[in-house]
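Asker: Fold the following, please.
(one chain, ligands or ions: 1)
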Amino acid sequence: VSGHVPIGPGREFDLVRAMLHRWGDRAHGIGDDAAVLDVPPGEQLVVTTDVAVETVHFRRDWMSPQEIGYRTTAAALSDLAAMAATPRGLVLGLTIPRDWTSTLADFADGVGAAAADVSCPIVGGDVTSGHEIVVTVTAFGSTRAPLRRSNAEPGDTVYVTGALGGPATAVRALEQGRDPTPMHRERLVHPRPRIREALWLVARGAHAGIDISDGLSSELLHLAAASDVAIEIALERVPVLEGCAVADAVAGGEEYELLVTAPTAFDTTEFRAAFDLALTAIGAVASRGAPRVVATRDGNRVDLAPGYDHFSP
Ligand SMILES: [Mg+2]
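Answerer: Numbering: from 1, shown residues only. Next comes the predicted model:
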């Protein structure tokens, strides 16, 4: 395996070796006390961390170990996309129950696939035992021009990538003991960090952005608050995935699509041709001050349902 320092004996290190074996050349330079990363001259380092806890973020009876690995890793990498950063490496902090050690290779396959999909090397980590599975992924990226959520300006158009509602629809089916449709399930278990899409959008003038982890309505409110602007959106324009309710498209979380604002009009046909993905204008930044989100449906004011909040009652 590529450029690793040899690892000494022990059960914990057997687990690390097992994962390294699955990752092959997707893991780089593992085995020293810390990883060393190169950042291209003129770029800034971008760091994000994401914690996924069994029963809070995923359930073992809903997803395979491979899917848990893919999803938790992709969720962390999505925050690099939201900053328009190119992935440079990730480290994996893992707590697993003893009965999961034989499953670790399958989980590692999911982590490796998500990392490989956006060309992000796995550069280190730590494994401990515990009562439930906790996956912490810390991802490092770099960029010349970070896409911040605080840069939206009056006059900007608000765009969203993809079609929304799939993950919430899949979770509801699972909660009710039904099988989600393959398309809805795929959106839940294999979210795609929109890294290349973010770079395309920034190259063409996007100057504010956020990824949709807590739901479109919540992320719009975050964007409005961070930029100190009022945002107006037309609900009839929100792209809803086939078979999903508008309410789930608006409030459902874990989409990992991008929400960006730009003073220019994007060529959405070119975007779709490049990424096989929709890019949809759903509204505009209306004014500075009094941060809020105003939603209409066919011209009539409607109240937005709030998205997911871990600490709401
Ligand atoms: Mg985010």
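Asker: Surely Ile68 and Phe107 touch.
Answerer: Yes: the pair Ile68 / Phe107 is scored as a contact, 6.2 Å apart, by Cβ atoms under 8 Å. Placement of C-beta: from N, CA and C, glycine included.
Asker: tell me which parts of the stretch 1-150 of the chain are close to the ion?
Answerer: Contact residues of the stretch 1-150 of the chain with respect to the ion, defined by Cβ under 5 Å from the ion, are listed as 79, 82.
Asker: again, 8 Å this time
Answerer: By Cβ under 8 Å from the ion, the part of the stretch 1-150 of the chain that sits against the ion consists of 48, 78-79, 82.
Asker: So which of those residues belong to strands?
Answerer: Using DSSP state E to define strands, the subset of those located there is Thr48.
Asker: name the element Thr72 belongs to?
Answerer: Here Thr72 sits within helix 65-82, counting by DSSP states H and E.
Asker: And the strands in the stretch 51-200 of the chain?
Answerer: Per DSSP state E, counting those that start in this stretch, the stretch 51-200 of the chain has strands spanning 86-96, 122-129, 134-143, 157-161. These are given in chain order.
Asker: list the helices and strands the third one packs on?
Answerer: Meaning strand 134-143. The helices and strands touching strand 134-143, judged by 3 or more Cβ pairs under 8 Å, 6 or more residues apart in numbering; DSSP states H and E, are strand 44-53, helix 65-82, strand 86-96.
Asker: mind listing the helices for the stretch 151-300 of the chain?
Answerer: With DSSP state H, counting those that start in this stretch as the definition, the stretch 151-300 of the chain shows helices at residue ranges 166-175, 182-189, 195-203, 216-227, 246-251, 268-275.
Asker: Excluding its own residues, what touches the fourth one? List them.
Answerer: In other words, helix 216-227. Residues outside helix 216-227 that contact it (Cβ atoms under 8 Å, 6 or more residues apart in numbering) are 148-153, 158, 160, 164, 208, 210-213, 230-231, 233, 238, 249-253, 255, 259, 261, 285, 291-293, 295, 304-309.
Asker: ditto for the third one
Answerer: Applying Cβ under 8 Å, 6+ apart, the external contacts of helix 195-203 come out as 77, 80-87, 118, 145, 147, 159, 161, 206, 209, 258, 260, 262, 266, 271, 274-275, 277, 279.
Asker: Could I have the CA atoms of it written out in CSV?
Answerer: Output of helix 195-203 as CSV, limited to C-alpha atoms (Å, rounded to 0.1, in the frame of the first residue of the first chain):
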residue,chain,number,x,y,z
ILE,A,195,-17.3,19.2,-5.3
ARG,A,196,-16.9,19.5,-9.1
GLU,A,197,-20.3,21.3,-9.3
ALA,A,198,-19.2,23.8,-6.7
LEU,A,199,-16.0,24.6,-8.6
TRP,A,200,-18.0,25.0,-11.8
LEU,A,201,-20.4,27.4,-10.1
VAL,A,202,-17.7,29.5,-8.5
ALA,A,203,-15.8,29.7,-11.8
